[in-house]
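Participant: Sequence first, then the predicted structure:
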Amino acid sequence: MAVDLEMPILIIDDYKTMLRIIRNLLKQIGFNNVDDAMDGSDALNKLRGKTYDLIISDWNMEPMTGYELLKEVRADAMLKAIPFIMITAESKTDNVIAAKKAGVNNYIVKPFNAATLKTKLTSVLGDF
């Protein structure tokens, strides 16, 4: 089954510039139905108010980190099946292991480009 390019995606990052970059990369790949949030708490409110098919979140945010958001999403029966991709500037093995244990679907280390993002999306969503 082909991936629906109109599927709703939620991106979370506490830097507006990074949100814009991720949104533009998704648009280059063909995804246009993208909402954003500035932190984990904001993201949870949006996730509980609308159905999303993918979450792409930065790790380092205040007051709720991407890791804490991931744990909240995986603990919520209504949200736990949503694919979750974590973005971080740090490629610490401990972080990768912790995120995997918490249920992350994939991991992207900054900086990245549209090709890297598409590869990660394909591994999580399938071909498109």
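Facilitator: On my side now, so go ahead.
Participant: Please count neighbours and contacts with C-alpha atoms only from this point.
Facilitator: OK.
Participant: need the contact list for Val109.
Facilitator: Val109 is in contact with Ile87, Thr88, Ala89, Glu90, Ser91, counting by C-alpha atoms under 8 Å, 6 or more residues apart in numbering.
Participant: do you know how far the closest residue in space to Leu19 that isn't next to it in sequence is from Lys100?
Facilitator: Using C-alpha to C-alpha, 6 or more residues apart in numbering and skipping residues adjacent in sequence, the residue nearest Leu19 is Asp13, 6.0 Å away. The gap separating Asp13 from Lys100 is 20 Å, by C-alpha to C-alpha, to the nearest Å.
Participant: what's the burial count for Ser91?
Facilitator: Neighbour count of Ser91, defined by other C-alpha atoms under 10 Å: 13.
Participant: how near is it to Lys118?
Facilitator: 19 Å.
Participant: and Ser57, what are its bridge partners?
Facilitator: Ile12, Met86 (DSSP bridges).
Participant: give me the number of residues near it?
Facilitator: Count around Ser57 with other C-alpha under 10 Å applied: 31.
Participant: same deal with Asn45?
Facilitator: Neighbours of Asn45 (other C-alpha under 10 Å): 11.
Participant: who touches Met18 in this structure?
Facilitator: Met18 neighbours (C-alpha under 8 Å, 6+ apart): none.
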